[in-house]
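Q: Give me a 3D structure for the following:
(one chain, ligands or ions: 2)
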Amino acid sequence: MAAARFVERLNDQIANEFAASQQYIANAIYYDAQTLPRLATFFYAQAVEERNHAMMMIQYLLDVDGDVAIPGVAAPETGFADAVAPVALALEQEQRVSDQIAALMGVAREEGDFLSEQFTQWFLKEQVEEVATMSSLLTVINRSTETLMAVEDYLAREGGSDRAADPTAPPAAGGAL
Ligand SMILES: [Fe+2]
Ligand SMILES: [Fe+2]
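A: Ligands and ions are numbered 1, 2, ... in the order given. Below you'll find the predicted structure:
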């Protein structure tokens, strides 16, 4: 059984992951409406990743007999000033999530909950990748605002965050999408 304080904070993080997923759908729709299909696809895929993070956390709570409270989430930002704004927001979001996961691990450590501490390790590693991906994309989009097609070409070439399935990822409730 995981520490009660950890279970409570992990439930909060499930809300954060679902909120991140909704935000990335909003980002994708912004680009889709402007016929920037690579940017749209990139964010649709990110939305699925965030959903999977939430489902991995749900599976962990199920595994350790912790209570799962499926949360309501705050509405995402949709009024973007320009094509750079959704990526800038994504980078901020990933940096914030890194802090949230680190704090979560801090709770597990304070509680002497080693299983939960180990569980959070994978998410910390994941955050390093996600912050780096968004940071690179922000750099590319900032130098390509005149020619947004250059960003489309970059994503077509580099595949954005399209990484091979990670065999060390925790199992997701219902199976990863
Ligand atoms: Fe996430
Ligand atoms: Fe993320």
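
Q: for Gln59, what are its contacts?
A: Residues near Gln59 by CB atoms under 8 Å, 6 or more residues apart in numbering: Pro170, Pro171, Ala172, Ala173. Every C-beta, even on glycine, is put in place using the N, C-alpha and C of the backbone.

Q: Tell me the secondary structure at the second one.
A: What DSSP: H, G, I helix; E, B strand; the rest coil gives for Pro171 is coil.

Q: State the number of residues packed around it.
A: Counted by other CB atoms under 10 Å, the residues lying close to Pro171 total 13.

Q: ends of stretch 147-167, how far apart?
A: 37 Å (CA to CA, to the nearest Å).

Q: Check whether that stretch comes near ligand 1.
A: No - judged by CB under 5 Å from the ion, stretch 147-167 and ligand 1 are separated, with a smallest distance of 11.3 Å.

Q: any idea of the mean pLDDT for that stretch?
A: Average pLDDT, stretch 147-167: 80.

Q: Look up how far Ala2 lies from the residue of the chain found nearest ligand 1.
A: Taking CB to the ion as the measure, the chain has His53 as its residue closest to ligand 1, at 3.7 Å. Distance of His53 to Ala2, given as CB to CB, to the nearest Å: 17 Å.

Q: Show me which of the two is the more surrounded one.
A: The neighbour count for His53 versus Ala2, taken as other CB under 10 Å, is higher for His53 (27 against 20).

Q: show me the contacts for that one.
A: By CB under 8 Å, 6+ apart, the neighbours of His53 are Glu17, Ala20, Phe123, Glu126.

Q: Helix or strand next in line after the helix or strand hosting the first one, which one?
A: Read it as Glu17. According to DSSP states H and E, Glu17 maps onto helix 4-33. Per DSSP H and E, the first helix or strand lying C-terminal to helix 4-33 is helix 37-63.

Q: So for the lowest-mean-pLDDT helix or strand in the chain, what gets flagged as buried?
A: Sorting the helices and strands of the chain by mean pLDDT, DSSP states H and E puts helix 148-158 at the bottom, at a mean of 88. Of the residues in helix 148-158, Leu148, Val151, Glu152, Tyr154, Leu155 count as buried by neighbour count, 16 or more other CB atoms under 10 Å.

Q: Looks like the first one contacts Asp82 (just checking).
A: No - contact between Leu148 and Asp82 fails when scored by CB atoms under 8 Å: they sit 10.1 Å apart.

Q: and the protein, which residues reach ligand 1?
A: Glu17, Glu50, His53.

Q: residues contacting the residue most central in space within the chain?
A: With distances taken as CA atoms, centre = their mean, Glu50 lies nearest the centre of the chain, 4.0 Å away. Applying CB under 8 Å, 6+ apart to Glu50 gives the contacts Glu17, Phe18, Ala20, Ser21, Tyr24.
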